[in-house]
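In: Here is my input, please return the structure:
(chains A and B)
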Amino acid sequence: MRLVIVTFAFVLGHSAAAVGLSDPRSQTPYSCSGSRPVPSAFETTASTSRFLTQATFGPTKAAVGDLTGGSASRWFVQQLQEPASLNVPQVEGYMAMLEDPTQDFQTLTIQATTLSFWRNAIEADDQLRQRMAFALSQILVVSNFRGEVLTDIPEGVAYFQDILTEQAFGNYRDLLETVTYSPAMGDYLTYMGNQKADPETGRMPDENYARELLQLFTIGPVALQPDGQPLLDANNRPIEIYDNTDITGLARVFTGLDLKGLNRDQFPALDNIISLGTGLEKSFLQPMAITEALHSTAPKQFLSCAIPARTKAAPSIAKALDCIIEQPNVGPFVSRQLIQRLTTSAPEPGYVLRVSKAFNAGRFVLPDGTKVGEGRKGDLAATVAAILFDPEARCATALADRKFGKIREPVLRFTHWARAFDVDASHPQYAPDLYDLIQPDSLAQHPYRSKSVFNFYRPGYIAPGTRSGALGLTVPELQIVDATTTPAYINFIALWAYGGPLMFGDERYEELALAGVPVDTDTLEESFIPNYSQELDLAGNVEALVDHLDALLLYGSMSDATKSSIGATLIEATEFEPEEPQTAYERVALAVLLVMTSPDYLVQR
Amino acid sequence: MMDVNGKHRRQILRGLGASALTATALSGAPSRFTAHAADTSNYQALVCVFLFGGLDHNEVLIPYDTASYRRFRTLRSSLIIEQGESRQRERLLPITMQQNSVLQGRQMAMPPELPALKALFDRGDLAIVGNVGPLLEPVTRQRFERSAARLPPRLFSHNDQQSTWQASAPEGAQFGWGGLFADAVLATGANQRQPQFTTIASNEVGPFLTGRQVVPYRVGVKGAARVHLLDDYYDGFAEERAESLAAIRAQLAAQRFSGEHVLEQDLARAFAAAFDTNEAYDRARQAGDPLTTEFPQGPLGQQLHAVAETINVREQLFANKQVFFVGLGGFDTHSAQAENLPRLLEEVDGAMAAFYRAMTELELQEQVTLFTASDFGRTLAVNGDGTDHGWGGHHLVLGGAVKGGEIYGAMPPTELGHDADCGSGRLIPTMAVEQYAAELGRWFGLSQTELTNALPNLSRFDALKRTFL
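Out: Predicted coordinates for the structure are as follows:
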């Protein structure tokens, strides 16, 4: 039944949109249940809030108010045009605060890219772009987890962040090329300084990037149908599409690239040196340079691709990526993962197929008739439009679907809180509690600090011993839910919900001074403090308070049972005295905590 | 501005940001449990030490006789130069064995980063198992090259081979042999009071510890994770606020959750289980005296310390048989191997030796067996300053029950182009992971039927000629 509906909706969706409708409310571009008309994404505050939950780092009260009743298509187009908020200028600003830039392991050095991430995620106007960049950062993974070059030289990751940000609506093929030349990826997947084979010593080109480029960034290990389902052989087994000879063939392509201006006689292994003060950090802000003498002249064969002997480095890389992007797997492989980052963990094959078609065609028509995309395979603007405006993501039926949705990523829960309560995030350096969340006794997720190239969780993760697992649903985020991260998240969100930073004024000043973070006391006191003015007014009426938080934080999707359970807990555990303002604050803080730790909230439906 | 800084909230916040945790348990007196301790006299535990990234086995056992060593130096010249003194022949720790037939006249040595493990080998408490890796059936080089052999899917891929080591199938596998072993011992009546502590991980674990019955409990290196709010909320008013605390706890633990959404149900169950197991674990830990053995401060040392302390309170946990999982990352040494691998090996050496000392302190060294696992071995060929993904590799088994001081399985020559080389010195395994696992499972008390239930390909292999346990 369900499949039929989706297919019908797909047909309707595209044909209706193609005729170029302008008023989002007068005509519907997609159908959810046959004849019943479908509301515009921005028709109600709830639908607006839900759309913004999928498309941004969290709906703000102001955005929901401003956009409701307007056109989601128009908002989408405006977001495409919004200039990119970047990381490098911020990171350079942090580095300029250092008294002695040549000293290693300084707080601001280690955290600079984290801080710029938080600020952009919470405060930037180009929300869709920032959210898309974060989604891409979980496919094209680089990380400063290891405490090596990418930790010492934050410019490397910052430049990479900006590549993803600037090309978030670009073309995936072009993005792969920029990424390939980026010093951060070159260092992270160890092909910076990689050389052609040496038959005398038996030295081989490093295979790391070649392997992960295929396995994680573009096609995956097994053949896929256009809807992302594995293609099976006669024995019902998945079909592997490359073996190690493809890897060794492709590895030859990524030889001869190195950090621009790096003298390998002086620094044979970059990992061994702290290059601070040598000026090398500037080289991390530009593409790696080619040394043809170190590039493999052998023929490069992999998949169905053959690059002739003696092809130089730049054309080899271009041909290799041209050939890889043409593989039929790329569309479903990348589309499915982007869907998982934005809307649902276990998308219906039909949903993957439709998004993949937009990826392949490089084109998507918005509900108001606006055409998105340049018409070339890999167009990410068309892809993200197809994800967000798909009937699967928009229809009210999804809200009632027991399987649609995703566990909110821990990082997104925090940005969501910060935006909902309008905190001042202009100085993330004042919040040491945001410096490092990757450890398992924290959230096990931290932007650009995955423990490995396999991201925080795997797109194909099916949680053993769970109901979703019994249904065969992939639920990546469940991979980081356990008896350690669960209390850690409760502790983390409680700290913010209770206005924690307010309480640590003096201690925090000393802590920051010790860490070499310059502090402005007035700004410090305002940083990351929730604005509960609306909520405090409701503290005397528990039911109204919970309803308000339900609308604000989960677009009214909380079950009545959970609402009444939270209400009863608030009445049991807090006492409200109109004469004592802190009792209202306590009640609101506990209410925010209980809402943001409820299963209803934790699953974005 | 309103007063949001009341004393009340200040107390709450002290707790929220607390780094030093109060020791108050939520409920229950420790003595209540020790009085009813289970019979744990036949206690046994298996401990898997997973070396994430793919351990270069070529640096765990290094050729030592002059000819082999010289060839190794040539094959790995660029690495050896960077490694400097630590790979000079006179710095290596040569091993001697009663039965040397495995080496066919060659000599092997451990690197200077593994002095404690070398000493344990010499004392007979550590065995080396040569060239272990995932196999579906025995594979020869000829059959590999003719594509005539059935091979484990997605060889050389990290996530898939981690999963295959743990669960005999690539990523997506649901049940690991550690979990299936645990199911088998539960079925024979072990751990009846608190089955939730049968499989325990102090690291992110894949499918290894999940069976049809058991799911792993994740323990932090400092013990059970606590919810500060419940520890410190209304500090000093705990008794009169008991009902408030209970209400908050019930809400946070999603006890009353009744929603229909599948993911919400999974989360509700995970939250409830986290509260229950953490509290039960905490009570047990507080009832035992900590070990005196000191552990290194690195991540592996800290995880093995948590495992040792858990074994220390086995009676309070009513545990007869347990399977543990710890892990250390960083072994994917494509680059800077000379700098990074020795540091990692030192950590392994210190942590495993401390764990063995702790088991000796508990007089459980005969009853606890630790073994290593890893994604794969690595190429013998170098790529400049590192090595690439391989297949088979050498592994270590540690414990009083181990027939140590010997190398088991096969030790292919340190050379390219031999019968077990499928290219660049990637080893075709000569012992299947499932054979290695079966040996551990047999020691753990599993019958042949239970072993073949847990290890789907086991029947395709002959029994090991020499058993290491």
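In: Output the lowest mean pLDDT helix or strand found in the chain.
Out: Because you didn't say which chain, this covers chain A. helix A:2-18 (a mean of 30; mean pLDDT, DSSP states H and E).
In: try again with chain B
Out: Every helix and strand in chain B was compared by mean pLDDT, DSSP H and E; the lowest is helix B:30-34, with a mean of 28.
In: Any regions of the chain where pLDDT drops low?
Out: Answering for chain A, as no chain was given. Counting by pLDDT under 70, chain A shows low-confidence ranges at A:1-39, A:269-277, A:505.
In: nope, chain B
Out: Along chain B, the parts satisfying pLDDT under 70 run over B:1-40, B:100, B:232-238, B:240.
In: Tell me which stretches of it form strands.
Out: Ranges of strands in chain B, per DSSP state E, are B:44-51, B:62-63, B:93-94, B:108-110, B:126-133, B:199-201, B:217-218, B:321-328, B:368-374, B:393-398, B:407-409, B:431-432.
In: before we move on, what about the stretch 401-550 of chain A?
Out: With DSSP state E, counting those that start in this stretch as the criterion, the stretch 401-550 of chain A has strands at A:406-407.
In: residue ranges for the helices of it, please.
Out: Under the criterion DSSP state H, counting those that start in this stretch, the stretch 401-550 of chain A contains helices at A:410-420, A:467-470, A:485-497, A:500-503, A:505-514, A:521-526, A:533-537, A:542-554.
In: swap in the stretch 151-300 of chain A?
Out: Taking DSSP H, counting those that start in this stretch, the helices of the stretch 151-300 of chain A run over residues A:155-166, A:172-181, A:183-188, A:208-212, A:244-251.
In: any idea which of those helices is most buried?
Out: helix A:183-188 (a mean of 28; mean count of other Cβ atoms under 10 Å in any protein chain shown). In this view, the C-beta of every residue, glycine as well, is placed from N, C-alpha and C.
In: For that helix, C-alpha coordinates in PDB please.
Out: C-alpha atoms of helix A:183-188 as PDB (Å, rounded to 0.1, in the frame of the first residue of the first chain):
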ATOM      1  CA  PRO A 183      45.900  19.600   2.500                       C
ATOM      2  CA  ALA A 184      43.600  18.400   5.200                       C
ATOM      3  CA  MET A 185      42.400  15.400   3.200                       C
ATOM      4  CA  GLY A 186      46.000  14.900   2.000                       C
ATOM      5  CA  ASP A 187      47.200  14.600   5.500                       C
ATOM      6  CA  TYR A 188      44.200  12.800   6.900                       C
END
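In: Counting by contacts, list what that helix packs against.
Out: On a contact count with 3 or more Cβ pairs under 8 Å, 6 or more residues apart in numbering or on different chains; DSSP states H and E, helix A:183-188 meets helix A:149-152, helix A:155-166.
In: tell me what the longest one is packed against?
Out: To tie it back to what came earlier, the one meant is helix A:155-166. helix A:88-96, helix A:107-123, helix A:127-137, helix A:149-152, helix A:172-181, helix A:183-188.
In: And for residue 202, nearest residue in space, chain neighbours not counted?
Out: Answering for chain A, as no chain was given. Using Cβ to Cβ, 6 or more residues apart in numbering or on different chains and skipping residues adjacent in sequence, the residue nearest A:Gly202 is B:Ala381, 4.8 Å away.
In: The chain in question should be chain B.
Out: Ranked by Cβ to Cβ, 6+ apart and with sequence neighbours excluded, the top spatial neighbour of B:Ser202 is B:Gln303, at 4.1 Å.
In: The one you found touches B:Gly220, doesn't it?
Out: No. Using Cβ atoms under 8 Å, B:Gln303 makes no contact with B:Gly220, being 9.6 Å away.
In: which residues do those two both contact?
Out: Listed as contacting both B:Gln303 and B:Gly220 by Cβ atoms under 8 Å, 6 or more residues apart in numbering or on different chains are B:Ser202.
In: Between these two, point out the one with more neighbours.
Out: In terms of neighbours (other Cβ atoms under 10 Å in any protein chain shown), B:Gln303 is the more surrounded of B:Gln303 and B:Gly220; the figures are 26 against 23.
In: related to what we said a few turns ago, what about the helices of the stretch 151-300 of chain A, which gets the closest to A:Gln266?
Out: helix A:183-188 (17.0 Å; Cβ to Cβ).
In: Can you give the contact residues for that closest one?
Out: A:140-143, A:148-150, A:156-157, A:159-160, A:179, A:192-193, A:209, A:257-259, A:270, A:283-284, A:286-288, A:453.
In: The residue lying closest to A:Asp233 once chain neighbours are set aside: how many residues sit nearby?
Out: Take A:Asp233 and drop its neighbours on the chain: the residue closest to it by Cβ to Cβ, 6+ apart is A:Ile239, 5.3 Å away. A:Ile239 has 12 neighbours, counted by other Cβ under 10 Å.
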